[in-house]
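S.K.: Model the structure of this input:
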Amino acid sequence: MASKPDLLKDEIRPTLTRMTVPMMFGIVSLMLFNLADVYFVGQLGIDPLAALGFTFPVSFSIVSLAIGFGIGTSAILAKLIGAGRQAEAGALATDNLLMTAVTVVLISLLAKLLIEPVFSLMGADARLLPLIDSYMSIWFLGSVFLVVNMVGNSAMRASGDTKTPAKLMALSSGINLLLDPLLIFGYGPVPALGIEGAAIASLIAWALTTLMILHVLYHRRQMLVLQPLRPARIWRHWREVMKIGLPAALSNMMTPVANAVLTALVAVHGTEAVAAFGVGNRLESISLLACLALSMTLPPFISQNFGAGQVERVQRAYLGAVRFALGWQLVVYLLLLVAGEPLTALFSDDPRVQELLALWLLLVPVGFGCQAVTFLTASAFNALHQPLRAMRISATRLFLLYVPCGWLGSQLFGLTGMFAGLVIANILIAGIAFYWMRRHIARLKTVEVA
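M.R.: Below you'll find the model as predicted:
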């Protein structure tokens with residue numbers, strides 16, 4: 001494990017940079033994982049690409065569940081490590097991985113039974129449902145490995161190790177990139193499986209990297225330990241993690257629920273609009289990758305310093321993260337404007353899809369800086385063991401601002417109004433979230449002084 005003083009005494013900016021840069025490369029590889037699926041499936045035609053667009057909110061729901069479980073794991077483990085309780089951290093990490101796997105197996109089995117009614121409700125027509133079913137039936141099986149993979153990575157990050165998770169994420173992306181064209185288009189004795197091949201490639205990549213993560217946790221990190229299966233202890237550890245992890249998971253799962261509603265709004269404008277919106281959602285993830293990496297490394301830093309009573313360092317880290325998010329996302333927006341035409345041509349040769357994706361690139365990324373401030377603030381609240389405050393930020397953003405503004409804009413000005421409404425919602429919630437965090441830190445300082 002990383003030595004405790006690394007996160008408690010070193011300079012804040014170099015420490016966060018040392019932790020975040022490897023995660024940036026890891027997340028780049030993870031986003032390329034998704035973009036590879038979009039690129040190769042896009043070669044099959046508009047219908048498979050639109051089907052993949054419909055799957056994004058549902059698949060991201062499982063990813064959001066994994067992120068929430070990972071947040072709870074990271075916050076509890078980092079605080080234990082910050083307090084010098086490494087042995088207890090290992091026992092808790094082991095029980096948590098076991099319960100995570102069992103939970104996701106049950107959720108995936110249920111979700112597989114609900115594929116047709118859920119996607120019909122989202123607006124997918126009968127022509128697309130067989131494509132969606134063939135993809136998601138396999139994807140749900142692989143999601144068990146995906147979630148264990150992500151929670152295991154969170155356990156490593158809690159100890160200050162971000163290099164190993166980044167390498168494993170890159171490996172997973174590389175395996176998927178090699179398998180995607182082979183299984184989608186076929187070669188030699190390997191049959192062409194179409195969109196189903198993309199799901200099988202993902203399953204294989206996640207399964208292999210999960211085995212490697214378990215190996216690292218057991219042999220190198222001592223965060224996977226052999227211990228008796230005692231239900232009382234397992235349940236106690238699971239409750240500790242879920243006090244933060246469950247609200248965080250629900251908070252993160254609000255995003256794909258909102259995206260599902262927005263996808264249904266977009267579906268009114270045609271299959272081409274859904275295809276463009278699906279590509280845009282994946283470009284959004286890669287555009288926010290630096291801040292996403294920071295949102296994964298900031299919580300262990302905050303939790304360890306919070307556990308050690310160093311509130312001033314917590315405040316400095318948070319404000320530095322906000323400044324970075326706003327400046328960096330401005331640069332990203334300008335780059336997207338410059339690269340707009342090549343990007344639209346890369347994912348589809350349909351003129352209408354290219355036109356709508358260009359509109360998305362012009363408008364939606366304007367709000368990415370504020371969006372980053374919002375999820376960084378939610379991550380900081382989770383790290384401070386305030387998951388309900390983080391959940392309130394997500395609920396306010398998505399259901400009081402994001403979806404209503406998107407719906408109103410769509411009703412008044414079509415897709416242009418919808419995309420502009422999403423930007424306005426991100427700006428408003430960023431200001432609210434920042435105010436809430438500043439007020440909470442001020443209270444912590446008052447308690448510390450007292």
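
S.K.: Can you classify R282 as helix, strand or coil?
M.R.: Classification of R282 by DSSP: H, G, I helix; E, B strand; the rest coil places it in helix.

S.K.: neighbours around it, how many?
M.R.: Other residues near R282 come to 20 when the count uses other C-beta atoms under 10 Å. The C-beta positions use only the backbone N, C-alpha and C, and glycine is treated the same way.

S.K.: Just the local confidence number for it, please.
M.R.: pLDDT recorded at R282 is 77.

S.K.: isn't it right next to F56, touching?
M.R.: Yes. Judged on C-beta atoms under 8 Å, R282 makes contact with F56 at a distance of 7.2 Å.

S.K.: Under the pLDDT cut-off, which ranges of this protein? List them.
M.R.: Within the chain, the ranges that satisfy pLDDT under 70 run 1-31, 83, 448-450.

S.K.: Show me what the helix or strand hosting F277 is packed against.
M.R.: Per DSSP states H and E: F277 is located in helix 271-287. On a contact count with 3 or more C-beta pairs under 8 Å, 6 or more residues apart in numbering; DSSP states H and E, helix 271-287 meets helix 12-42, helix 46-82, helix 231-267, helix 311-338, helix 351-363.

S.K.: Helix 231-267 and the last one, what's the angle between them?
M.R.: Between the axes of helix 351-363 and helix 231-267, defined by axes from the mean of the first three to the mean of the last three C-alpha atoms, to 10 degrees, the angle is 110 degrees.

S.K.: quick one: helix 351-363 to chain centroid distance?
M.R.: Centre-to-centre, helix 351-363 and its host chain are 24 Å apart (C-alpha atoms, centre = their mean, to the nearest Å).

S.K.: hang on, the earlier thing: in CSV, list the helices and strands packed on helix 271-287 along with distance to D125.
M.R.: Shown next, in CSV, are the helices and strands packed on helix 271-287 (distance: least, C-beta to C-beta, whole Å):
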stretch, distance to D125
helix 12-42, 18
helix 46-82, 9
helix 231-267, 9
helix 311-338, 31
helix 351-363, 17
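
S.K.: As a markdown table, those with distance to T416 and mean neighbour count would be great.
M.R.: Shown next, in a markdown table, are those (distance: least, C-beta to C-beta, whole Å; neighbours: other C-beta atoms under 10 Å):
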| stretch | distance to T416 | mean neighbour count |
| --- | --- | --- |
| helix 12-42 | 23 | 20 |
| helix 46-82 | 19 | 25 |
| helix 231-267 | 12 | 20 |
| helix 311-338 | 16 | 17 |
| helix 351-363 | 6 | 20 |
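
S.K.: Relative to I429, tell me which of the ones you listed wins on proximity.
M.R.: With C-beta to C-beta, the closest approach to I429 among the helices and strands packed on helix 271-287 belongs to helix 231-267: 12.1 Å.

S.K.: Who are the packing partners of that closest one?
M.R.: For helix 231-267, the packing partners by 3+ C-beta pairs under 8 Å, 6+ apart come out as helix 46-82, helix 86-113, helix 271-287, helix 368-383, helix 387-395, helix 403-449.

S.K.: Please tabulate the ones you listed in CSV, including the columns distance to R239.
M.R.: Formatted as CSV, these follow (distance: least, C-beta to C-beta, whole Å):
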stretch, distance to R239
helix 46-82, 10
helix 86-113, 10
helix 271-287, 31
helix 368-383, 16
helix 387-395, 13
helix 403-449, 24
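
S.K.: closest to L224 out of these?
M.R.: Going by C-beta to C-beta, the one of the helices and strands packed on helix 231-267 nearest L224 is helix 86-113, 5.4 Å.

S.K.: List the buried residues of the closest one.
M.R.: By 16 or more other C-beta atoms under 10 Å, the buried positions in helix 86-113 come out as 89-100, 103-104, 107-108, 111-112.

S.K.: mind saving the C-alpha coords of the helix or strand just after it as CSV?
M.R.: The helix or strand immediately downstream of helix 86-113 is helix 115-121, counting by DSSP H and E. What follows is helix 115-121, C-alpha atoms only, in CSV (Å, rounded to 0.1, in the frame of the first residue of the first chain):
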residue,chain,number,x,y,z
ILE,A,115,-34.8,-5.8,-22.2
GLU,A,116,-37.8,-5.6,-24.5
PRO,A,117,-40.2,-3.6,-22.3
VAL,A,118,-37.5,-1.2,-21.2
PHE,A,119,-36.2,-0.3,-24.6
SER,A,120,-39.7,-0.2,-26.1
LEU,A,121,-40.5,2.4,-23.4
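
S.K.: Just the buried positions in helix 115-121, please.
M.R.: I115, V118, F119.

S.K.: again with stretch 425-435
M.R.: A425, N426, I427, L428, I429, A430, I432, A433, F434.

S.K.: Including distance to L179, could the residues you listed go into JSON lines?
M.R.: Shown next, in JSON lines, are the buried residues of stretch 425-435 (distance: C-beta to C-beta, whole Å):
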{"residue": "A425", "distance to L179": "38"}
{"residue": "N426", "distance to L179": "36"}
{"residue": "I427", "distance to L179": "41"}
{"residue": "L428", "distance to L179": "42"}
{"residue": "I429", "distance to L179": "39"}
{"residue": "A430", "distance to L179": "39"}
{"residue": "I432", "distance to L179": "43"}
{"residue": "A433", "distance to L179": "40"}
{"residue": "F434", "distance to L179": "43"}
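
S.K.: and which of the residues you listed is nearest to M150?
M.R.: For those, the nearest to M150 is A433 (23.9 Å; C-beta to C-beta).

S.K.: pretty sure the closest one contacts Q371?
M.R.: No. Counting by C-beta under 8 Å, A433 does not reach Q371; the two are 10.4 Å apart.

S.K.: Of the helices and strands packed on helix 231-267, which is nearest W328?
M.R.: helix 368-383 (7.7 Å).

S.K.: and the nearest residue to N149 once chain neighbours are set aside, how many neighbours?
M.R.: Nearest residue to N149 in three dimensions, chain neighbours excluded: T210, at 4.8 Å (C-beta to C-beta, 6 or more residues apart in numbering). For T210, the neighbour count with other C-beta under 10 Å is 22.
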